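> here is the input, now give the coordinates:
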Amino acid sequence: MVFTEIQAVQFRNLCPEAVPVNKRQVFLIGSNGQGKTNFLEAIYTLCYGSSFRSAQMRELAQHGQKAFRLSGKYLGEDGLLHSLVLEFQDTKRKVLLDGREIKDRKELIYNIPCIVFSHDDIAFVRGEPEQRRRFFDQTMSMYDPLFFDDMRRYRGLLKQRNLAIKEGRQSLLGLYDIQLAKYGLAIQGEREKAVAEFDQIFPEMYRKVSNSDLNIHLEYQGSWGSFSTEDEIVDYLEGTRQRDLNMQTTTSGIHRDRFNITVDEGLFSQIGSTGQLRLASLILRTAQMDFFHKKSGKQPLILVDDVLLELDLPKREMFLSLMQGYSQAFFTFLPQEHYFASLAGEDALLYDVREGRFCRHEG
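So this is what the prediction gives:
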């Protein structure tokens, strides 16, 4: 899957001209604040129907505007040229694939698998448990529609159960408990398997790039990890109901699970240096690429946003050697990062980005 053209209208600071991107590698070169990351965000929003930088779609519109439009043309795995359009207006999002409206965003997610590398990824390593849950849930949802559906159902049930707790409708809690146990146990089982497989990829990648023998691993701690049946979970939820009522929320479940990165049984976030944590966040994304390919047989599109500057030359070269399994890659660079020229293949596209405009790079 390769995009051939991207156009953004009233989106961030980007000018409305269509930008040709019909190469496997596209390099965006420019100073901070010129629109490089905004362009990556536009691509990501087309692929997922949401941004990786903002939870509010209205914030993506240009200053003073309340609507925007994104469009892209891409060559699919079928060898045919397809069109993808996302329109946001009056607080509503509309997505069209070859002129057909996509009602369920799930269809969009499996249409163009996309992975973004950004500075904020360090939250997956040293941030709150919720950040790591989000990373692994996204990783699994990219290749497993059943997991995606189970997560969607679980979140809906959790919201309803919490509302029933707050409104004092205790008679409904038993029914919600049965459903939470059903979907929660299935999700927990899939998470256990995914982390075990992911742990076969991530540690070795980290050791190779860091040139160390660090005993780094991933560990999954399920909130209901000691239970193997739905009945056991239902009994536990009934036994802890008073605690839930006191706390006014559901205090156990897969929404409380923990994914830990450990070193010799200690938490890496408490032991590692800032450089080690930053490197680990990049390797998590690279492992995500490899894991996705192993599970789906597909290569993702990747968006690499100003993250290579933080690596010294040996680490950078090793890191790049591990992340070759993509269908198309978009890289952003500052003008002083002259090494981008050595990374570009013969058929790569290089653009200078200034004030939201894209011009072919000279020299």
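
> from here on, just use CA atoms for contacts and neighbour counts.
Fine.

> confidence score at Gly363?
What the model reports as pLDDT for Gly363 is 63.

> could I get the full set of helices for the stretch 251-363 of the chain?
Using DSSP state H, counting those that start in this stretch, the helices of the stretch 251-363 of the chain run over 268-271, 274-296, 313-322, 340-343.

> quick one: work out the angle between the second one and helix 313-322.
Using axes from the mean of the first three to the mean of the last three CA atoms, to 10 degrees, the interaxial angle of helix 274-296 with respect to helix 313-322 works out to 10 degrees.

> for helix 274-296, buried residues please.
Buried residues in helix 274-296, counted by 16 or more other CA atoms under 10 Å: 277-293.

> with the last one instead?
If you call a residue buried by 16+ other CA under 10 Å, then helix 340-343 has these buried ones: Phe340.

> how far does that helix sit from the chain's center?
26 Å (CA atoms, centre = their mean, to the nearest Å).

> which residues touch stretch 133-141?
The contact list for stretch 133-141, computed with CA atoms under 8 Å, 6 or more residues apart in numbering, reads 124, 147-148, 191, 194, 257-259, 288, 292.

> the host helix or strand of Val195 packs against which elements?
Under the criterion DSSP states H and E, the helix or strand holding Val195 is helix 173-198. Using 3 or more CA pairs under 8 Å, 6 or more residues apart in numbering; DSSP states H and E, the elements in contact with helix 173-198 are helix 145-166, strand 216-221, helix 230-239.

> any idea how far Thr249 is from the residue lying closest to Phe68 once chain neighbours are set aside?
With sequence-adjacent residues excluded and distances taken as CA to CA, 6 or more residues apart in numbering, Phe68 is closest to Gln10, at 4.8 Å. Look at Gln10 and Thr249: by CA to CA, to the nearest Å, they are 41 Å apart.

> go on, Arg133?
Relative to Thr249, and taking CA to CA, Arg133 is found at 19 Å.

> what does Ile43 give?
Distance from Ile43 to Thr249, by CA to CA: 37 Å.

> cool, and Gln242?
For Gln242, the distance to Thr249 - CA to CA - is 10 Å.

> between those two, which is the more surrounded one?
In this view Gln242 and Thr249 are compared by other CA atoms under 10 Å, and Thr249 has more residues nearby, 18 against 11.

> list the contacts for the closest residue to that one other than its chain neighbours?
Once flanking residues are discounted, Thr249 sits nearest to Asn162: 5.3 Å by CA to CA, 6+ apart. Counting by CA under 8 Å, 6+ apart, Asn162 touches 248-250.

> closest to Lys66 among those residues?
Using CA to CA, Thr249 comes nearest to Lys66 of the contacts of Asn162, at 35.4 Å.

> just checking, the closest one touches Gly168?
No - using CA atoms under 8 Å, Thr249 is not in contact with Gly168, being 11.5 Å away.

> follow-up on the earlier one: of all the helices and strands packed on helix 173-198, which lies closest to Phe319?
Among these, the nearest to Phe319 by CA to CA is strand 216-221 (17.2 Å).

> what angle separates that closest one from helix 173-198?
Using the same axes, to 10 degrees: strand 216-221 against helix 173-198 is 160 degrees.

> what about the helices of the stretch 251-363 of the chain, which gets the closest to Phe68?
For those, the distance to Phe68 is smallest for helix 274-296, at 29.3 Å, taking CA to CA.
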